[in-house]
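Chemist: sequence plus the predicted model coming up.
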Amino acid sequence: MRKVYGFHEGGIGLEYLLGGKGAGLAEMSRLGIPVPPGFIITTDAWKEYYNTKKLSDSLKAEISENINKLEKTTGKKFGGHPPLLVSVRSGAPVSMPGMLDTVLNLGLNDVTVENLAHETKDARFSYDCYRRFISCFGRIVLGIEKEKFDNILEAYKSKLGVQRDSELDIDALKEIVNEYKILIERETGRKFPEDVYEQLFLAVKAVFDSWFNPRAVAYRRANKIPEDLGTAVSVQAMVFGNMGNDSGTGVMFTRNPSTGEKKLYGEFLVNAQGEDLVSGVRTPQPLDYLREKFPKIYDELISIAEKLERHLKDMQDVEFTVERGKLYILQTRSGKRNALAAAKIAFDMYKEGIITKEEAIKRITEVSSQEITIQQRDPTVKVDILARGLPASPGLVTGKVVFNSDEAVTAKEKGEKVILVRPETSPEDIQGIMAAEGVLTCRGGLTSHAAIVTRSLNKPCIVGCEAIKIDLEAEECCVEKGGVTVRIKKGDIITIDGTTGEVIMGEVPTVAQKLSEYLTVLHKELR
């Protein structure tokens, strides 16, 4: 039985075999959307691996055969020159954003990094990809703590007096690569693997194993996702958003996931890879920046958004990369949205002729069953606004400040209401996010991990609130206001308004708006 499929062999309807990501890639390929070529290792392969705890020889042979096909398609050589590099990405049958693992830039070693430098005529770019890959491989495949790689990187930035990774020169990047390899050998007792097929097979195993990591298990339990679905794996030729100022990475929703408005909603980072955007480490630019700097790319995105919505009949969450002025789409899936947006999108799509009246009524009725009440600040009462960030997920909540996810879980167990305050969140924070009333981050944008997960959970969230400075060791944060430093300690009460982006000291009076009142109006118009 085959366990590997090319993108041209699948499509929507095969999610339980190809995973949501793989089915989406296959469908977009059929639609003529610019998708980097690749192949999908099926959920059947995961089930076989789950039972045997190893990749079978027949599966390795299928993977190798498809790498050969990918070499012919791209004109590149896996482990050779010009080098073929691939991403190895998870893809569960149902969306689990950020819960499973991904490895990027796979195929780099001491030889191919020089080949890449020669091909691109950019040695700095090549070694930047190499240090990213070794760090990613070390964390995800070899199980080394992320902080150990981060500490090396931060030490070099401090030594050279630079703030951003992109400011590190080629000599520093080479030294960091060497330090990473020393770290791997010290932590694992073996050298970083130079054989690209060994890299690939180990990465596939690691992505398969991530199905049972703690954050994925917690997310499945919270969302009632069956444990036995497993994940497919997409292996795809790399495209690079970190090749200079004519390149970048972005996420777009075909409609606003907070309000339902029909307008491209998302963010873009120049000279960056996807991990820089989703992690929230850098605060990106809104898509209006892309429209201004790359108008042709923006117009192409509008066309693709329209095509995807009409074909898939739902609002889409799309990941894309721009490599030296050329657009590539890396993923599409039904976008996570809050209840208010879900109702408006269903109504508008009926009006636009995308879905039937019956489907619109069904979707709005599903939202109605949630009996959601949205709290809003009483506009007649004056409050002490400390800072403003980006309104990532609407609603207003009050709680005690905590600075890590474990504290949020413990507080929840005691019956306390808390706000999780973090520099940025990562998939490891999922249990803390679920336990908290709302989330506040200092970094990240409207498509960061914190924003996407809180929207799917209907929890208020503010991201990119850069005015607030967090000291995790002291368990406090501060903000400069009117020439005075205001300190907020663990346990202090704050209120966050995910509709306006306002961070407010203390508890505030609220007024409640039942979502059902808005839905009743939509139902009347539909009938």
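Modeler: Okay, I see it.

Chemist: just the local confidence number for Leu290, please.
Modeler: pLDDT, Leu290: 91.

Chemist: ignore what I typed, I meant Asn109.
Modeler: Reported pLDDT for Asn109: 98.

Chemist: who's in contact with the residue nearest to it when sequence neighbours are not counted?
Modeler: Nearest residue to Asn109 in three dimensions, chain neighbours excluded: Glu194, at 4.3 Å (C-beta to C-beta, 6 or more residues apart in numbering). C-beta here means a position set from N, CA and C on the backbone, and glycine is covered the same way. Glu194 is in contact with Asn109, Asp110, Val111, counting by C-beta atoms under 8 Å, 6 or more residues apart in numbering.

Chemist: give the contact list for the nearest residue to Lys76 once chain neighbours are set aside.
Modeler: Counting by C-beta to C-beta, 6+ apart, the nearest residue to Lys76 once its immediate chain neighbours are dropped is Leu84, at 3.8 Å. Shown in contact with Leu84 (C-beta under 8 Å, 6+ apart): Ile67, Leu70, Glu71, Thr74, Lys76, Lys77, Phe78, Gly107, Ala237.

Chemist: from the residues you listed, which land in strands?
Modeler: Mapping these onto strands (DSSP state E) picks out Ala237.

Chemist: returning to what we had before: with distance to Lys205 and neighbour count added, can I get the contacts of Glu194 in a markdown table?
Modeler: Formatted as a markdown table, the contacts of Glu194 follow (distance: C-beta to C-beta, whole Å; neighbours: other C-beta atoms under 10 Å):
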| residue | distance to Lys205 | neighbour count |
| --- | --- | --- |
| Asn109 | 19 | 19 |
| Asp110 | 23 | 11 |
| Val111 | 24 | 14 |
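
Chemist: picking that back up, restricted to helices, list the contacts of Leu84.
Modeler: Using DSSP state H, Ile67, Leu70, Glu71, Thr74 are the members of those that sit in helices.

Chemist: verify the stated contact: the second one with Leu200.
Modeler: No: at 11.3 Å, Leu70 does not count as touching Leu200 under the criterion of C-beta atoms under 8 Å.

Chemist: mutual contacts of those two, please.
Modeler: With C-beta under 8 Å, 6+ apart as the test, Leu70 and Leu200 both reach Val86, Val235.

Chemist: just read off the phi/psi values of Val217.
Modeler: Per-residue torsions, Val217: phi -60, psi -40 (degrees, to the nearest 10).

Chemist: that one: what's its closest spatial neighbour, skipping adjacent residues?
Modeler: Of all residues not flanking Val217 in the chain, Glu227 sits nearest, at 8.0 Å (C-beta to C-beta, 6+ apart).

Chemist: so how far is Ala61 from the residue nearest to Leu55 when sequence neighbours are not counted?
Modeler: Counting by C-beta to C-beta, 6+ apart, Leu55 lies nearest to Phe201, which is 5.7 Å off, once chain neighbours are set aside. Distance, Phe201 to Ala61, by C-beta to C-beta, to the nearest Å: 11 Å.

Chemist: compare those two (neighbour count), which wins?
Modeler: Higher neighbour count among Phe201 and Ala61: Phe201, with 19 against 11, using other C-beta atoms under 10 Å.

Chemist: what sits against that one?
Modeler: Leu55, Lys60, Ile63.

Chemist: I'd assumed it was in a strand, is it?
Modeler: No: residue state for Phe201 (DSSP: H, G, I helix; E, B strand; the rest coil) corresponds to helix; a strand is not indicated.
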